[in-house]
Structure formats: structure tokens, C-alpha cells
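1. next input, structure requested:
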Amino acid sequence: MSFGRNVRLVAGREFQAMVGTMGGWVILAAALALDGLLFNLSALGGIRRSAEVLQRFFEVSSGVTMGAAVFVSMRLLAEERQAETLPLLYASPLQDVEIVLGKFLAALGFLAGLTLLTVYMPLLILVHGKVSLGHLAAGYLGLLLLGSACLAMGAFASALARTQIIAGIVGGTLIVVLLLTWQLSRISEPPFAPLFAALALWNLHFGPFQSGVIHLRDVAYYLLVTWVFLFAATRVVEARRWR
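-> Numbers count the residues shown, from 1 in each chain. Purely as a prediction, here's the structure:
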């Protein structure tokens with residue numbers, strides 16, 4: 001079997017498990033409800049310009065995306081360990097990288113669907129204002145890239161943890177640590193201040209997407225974070241295989 005076909009098989013199985021359980025629908029409903037509530041609070045506040053409302057929507061939606069990524073990813077490998085089905089995956093002809101990548105892509109597909117279901121919210125701005133399609137596209141690209149990075153961190157945590165709860169805690173902690181590096185940049189001296197700022201998950205890199213601007217450096221940052229944590233998750237799975 002080819003690498004691509006194996007990855008698709010794992011991704012299809014994992015995606016069906018996500019949409020076939022109550023947990024997946026609870027995450028979907030909760031995230032959409034929270035996004036809707038926060039959007040209404042932003043739209044009905046003191047903000048008047050359409051671009052500012054859209055910018056605030058992406059700001060609050062990024063927090064929901066990070067939270068949803070933790071809950072979606074914590075089950076990826078930890079659930080297999082809890083259900084004692086991980087040895088079955090190890091006994092299959094699947095490579096470790098195929099298992100990790102397939103599960104990650106299923107989670108990314110689920111999170112992308114959840115994120116795109118919110119598109120009607122910013123389009124409501126058209127009732128009384130204007131929406132730039134470029135701003136909309138850049139914002140959603142930023143959400144998907146941010147979600148991808150958070151899912152990769154969650155997959156790494158799920159590979160480490162024995163239970164889903166521990167995986168969620170570890171994944172959430174990793175995200176918070178990368179968020180707080182921005183604060184470290186504010187109290188540090190050069191050359192560490194710019195380094196911590198560049199490592200921060202949200203402030204420097206998501207801000208341009210939120211404002212409708214796409215920088216190659218920000219795209220590269222989120223893709224690099226995704227690759228690093230998926231690589232680490234694969235190494236953890238390989239190490240556990242031989243225990």
C-alpha cells in the first residue's frame with residue numbers, strides 16, 4: 001500500500017470516529033455557540049467601522065479555535081491507549097508517521113469544517129456595512145494555520161499522555177507557554193526579546209491575518225510549528241512501539 005493511501009485510510013477512520021460520536025458534535029456546537037456569542041458582543045459594542053468588527057471577530061475566534069483544537073486533538077492517540085487498541089495499530093503494516101499524519105489530517109479537517117461554519121457571522125456585517133473578501137480570506141487562512149499549529153501540539157501531547165484528560169492539560173499548557181512568550185519578550189533584553197517575540201504563538205504572527213494581511217514569515221512560522229510537533233509526536237510513537 002502506498003504512503004498516501006495509508007494516510008487517507010487512517011484519516012478517514014479517525015474522521016468518522018469524530019463525527020460519529022457525541023463528543024465531536026458537542027465540541028462543534030459549543031465552539032459555534034461561543035463564536036456566535038462573542039461575535040454579537042463585538043458587533044453590538046462601541047465599534048462602528050466594518051473592518052474593526054471583522055478584525056475583532058477574528059481576534060475572538062482565534063481563542064475559540066485554539067480551545068477547540070485542544071479538545072479535538074486530545075483524543076487522537078490517548079484514546080487509542082485508553083481503549084487498548086494502540087497495539088492493533090502497531091501490529092498493522094502502517095508506519096508511525098502514517099498513523100500520526102492521518103490522525104492529524106482528520107483533526108484538521110474537522111477543525112476546518114468547524115471554522116468555515118462560522119463564515120455566516122462576518123457576512124452579517126453586509127447588512128449594515130462592507131466586507132473585504134481579501135480581509136475575510138486572510139483571516140480564515142490565519143485561523144486554519146493557527147488551528148493547525150495547535151492541533152500538532154495537541155497530537156504531541158496525546159502521544160505522550162496515557163489519558164485524554166492528561167493529553168488535554170498538556171496540550172493546553174504547551175499552547176499557553178507559547179502564548180506567554182510574548183510577555184517574556186516585553187521584559188527581556190536583546191537579543192532575547194526579539195527571539196521570544198518571534199516564538200510567540202499569537203501576537204506577532206496572527207495580528208496581520210486578523211487585519212487582512214498575509215506575510216510569508218507568518219505562514220512559515222505556523223507551518224514550522226506544525227511540522228516540529230508532528231515530528232516530535234512521531235518520535236514518541238516510535239519510542240512507545242518498542243517498549
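
2. kindly list the longest helix within this structure.
-> The longest helix of the chain (DSSP state H) is helix 133-160.

3. now do it: which elements does it pack against?
-> In terms of contacts (3 or more C-beta pairs under 8 Å, 6 or more residues apart in numbering; DSSP states H and E), helix 133-160 is packed against helix 50-73, helix 96-116, helix 164-187, helix 203-210, helix 216-241. C-beta here means a position set from N, CA and C on the backbone, and glycine is covered the same way.

4. for stretch 111-118, what is the average pLDDT?
-> Mean pLDDT, computed over stretch 111-118, is 96.

5. gap between the longest helix of the chain and the chain center?
-> How far helix 133-160 lies from its chain's middle: 4 Å, per C-alpha atoms, centre = their mean, to the nearest Å.

6. what does stretch 236-243 give?
-> 25 Å.

7. list of residues touching it?
-> When contacts are defined by C-beta atoms under 8 Å, 6 or more residues apart in numbering, stretch 236-243 is touched by residues 77, 86, 90, 96, 99-100, 156, 159-160.

8. returning to that earlier point: pull out the buried positions in the longest helix of the chain.
-> For helix 133-160, the neighbour count (16 or more other C-beta atoms under 10 Å) marks 135-136, 138-140, 142-160 as buried.

9. could you check the angle it makes with helix 203-210?
-> 140 degrees (axes from the mean of the first three to the mean of the last three C-alpha atoms, to 10 degrees).

10. on that earlier part again, quick one: closest of the helices and strands packed on helix 133-160 to residue 3.
-> Of all the helices and strands packed on helix 133-160, helix 96-116 sits nearest to residue 3, with 6.5 Å by C-beta to C-beta.

11. the closest one - contacts with which helices or strands?
-> Counting contacts by 3+ C-beta pairs under 8 Å, 6+ apart, helix 96-116 is packed against helix 3-19, helix 22-43, helix 50-73, helix 133-160, helix 216-241.

12. who are the neighbours in contact with the residue nearest the centre of the chain?
-> Of all residues in the chain, the one closest to the mean position by C-alpha atoms, centre = their mean is residue 147, 2.1 Å from it. Neighbour list for residue 147: 65-66, 68-69, 108, 111-112, 115 [criterion: C-beta under 8 Å, 6+ apart].
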